[in-house]
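Participant: Here's my sequence, what's the structure:
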Amino acid sequence: MRIGTRGSPLALAQTHEVRTALASAHHCDESRFEIVVIRTSGDAIQDRSLVELGGKGLFTKEIDAAMLKGEIDAAVHSAKDLPSLLPEGVALVGCPPRADVREALISARGASFAALPKGARLGTASPRRQAQAKRLRPDLEVTLLRGNVETRLRKAENGEVDATLLACAGLQRLGLLARATAILAIEDLLPAVGQGAIALTARSNDAASIAALRRIVEDDTTAAVTTERAFLAALGGSCRTPIAGYARLVSRRIDFRGQALRLDGSESFDISRSGGVDDAARLGEEAGRDLLRRLPRDILA
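Facilitator: Numbers count the residues shown, from 1 in each chain. This is a model prediction of the structure:
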């Protein structure tokens, strides 16, 4: 099996994790799973925000194209990078067990989010993080910060920005969680849709690859991500819109919370839903539609 991935250290760490799991599940050597690195538009352009560049598909479209041309058999993505709608012929097979969904603060200027100096510069390229941070701390100055995890860590630690926010999951997978200044509660910063989860995709007509990948899929994580993605799709949200969503499973029941915000953090609109695990997609879609009816028309970009 040929597995496509981006070439960033985090993407490669996730893909090696998947390859190890596949080899174990299929009782074979890891060499049976070839890792194919594909450079994406999102990796090539680092000096502009994703909003300017056109959105989440910048991290997936070249990988999808390679899959549809038969150059790879499967792909490993960060679930939060997947667009709401996948190209025709590409299927989301599922997700292995999820990592920590919380946000980590990285700063040399404050031991906690509340302790950051007044007017501190927060570096981020995420509209969601910007809006949520401004919601908690309207005094913060937000500046564009892109690059891989190590680049953003270094810039926050050496003072090029006063602070940044990174996903705990990525830091964990790279063995860098010890460099986090503080871990923020989910109640304060609701994560991005799919945060902490790895998404496995294959051609929708490739039964053999789909069956192989399903051996390492976890039903609970897949149901949670399905709920969150249905919520995002129902809102019609893009990379431009500050939207968060998190589903967790408790005794085969889904507890979901979703959120949409103004970019400046001045308004936040929240919704909660609970339901059975078999209704994951419907639950997320209904939450998105219900929230959409409450939103001002100008909040979604």
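Participant: Show me where the stretch 101-250 of the chain has its strands.
Facilitator: Ranges of strands in the stretch 101-250 of the chain, per DSSP state E, counting those that start in this stretch, are 103-107, 121-123, 141-143, 163-167, 182-184, 198-203, 243-250.
Participant: In JSON lines, list these along with mean neighbour count.
Facilitator: The C-beta positions use only the backbone N, C-alpha and C, and glycine is treated the same way. Output for the strands of the stretch 101-250 of the chain, formatted as JSON lines (neighbours: other C-beta atoms under 10 Å):
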{"stretch": "strand 103-107", "mean neighbour count": "24"}
{"stretch": "strand 121-123", "mean neighbour count": "22"}
{"stretch": "strand 141-143", "mean neighbour count": "16"}
{"stretch": "strand 163-167", "mean neighbour count": "24"}
{"stretch": "strand 182-184", "mean neighbour count": "17"}
{"stretch": "strand 198-203", "mean neighbour count": "25"}
{"stretch": "strand 243-250", "mean neighbour count": "22"}
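Participant: right, and those strands - which one's nearest residue 219?
Facilitator: Between residue 219 and the strands of the stretch 101-250 of the chain, the tightest spacing by C-beta to C-beta is seen for strand 243-250, at 8.9 Å.
Participant: Buried residues, the next helix-or-strand element following the closest one. List them.
Facilitator: Counting by DSSP states H and E, the next helix or strand C-terminal to strand 243-250 is strand 253-261. For strand 253-261, a neighbour-count test (16 or more other C-beta atoms under 10 Å) marks 254, 255, 256, 257, 258, 259, 260, 261 as buried.
Participant: what residues are up against the fourth one?
Facilitator: Pointing back at residue 257 there. 190, 245, 246, 247, 270, 271, 272 (C-beta atoms under 8 Å, 6 or more residues apart in numbering).
Participant: swap the cut-off to 7 Å and go again
Facilitator: Contacts for residue 257 were tallied using C-beta atoms under 7 Å, 6 or more residues apart in numbering; they are 190, 246, 270, 272.
Participant: Please indicate which of the residues you listed are buried?
Facilitator: 190, 246.
Participant: Among the contacts of residue 257, which one sits closest to residue 201?
Facilitator: Among those, and counting by C-beta to C-beta, the member closest to residue 201 is residue 246, at 21.8 Å.
Participant: Please name the nearest non-neighbouring residue to that closest one.
Facilitator: Spatial nearest neighbour of residue 246, chain neighbours left out: residue 191 (5.3 Å); criterion: C-beta to C-beta, 6 or more residues apart in numbering.
Participant: Just want the most central residue of the protein.
Facilitator: Geometric centre of the chain, nearest residue: residue 80, 2.3 Å, by C-alpha atoms, centre = their mean.
Participant: thought that residue was touching residue 198?
Facilitator: No - assessed by C-beta atoms under 7 Å, residue 80 is found out of contact with residue 198, at 10.3 Å.
Participant: now the helices: where do they sit in the protein?
Facilitator: Under the criterion DSSP state H, the chain contains helices at 9-26, 41-44, 50-53, 61-68, 127-136, 149-157, 168-173, 207-214, 219-235, 280-294.
Participant: tell me the domain boundaries of the protein?
Facilitator: 1-96+197-217, 103-184, 219-301 (automatic domain parsing).
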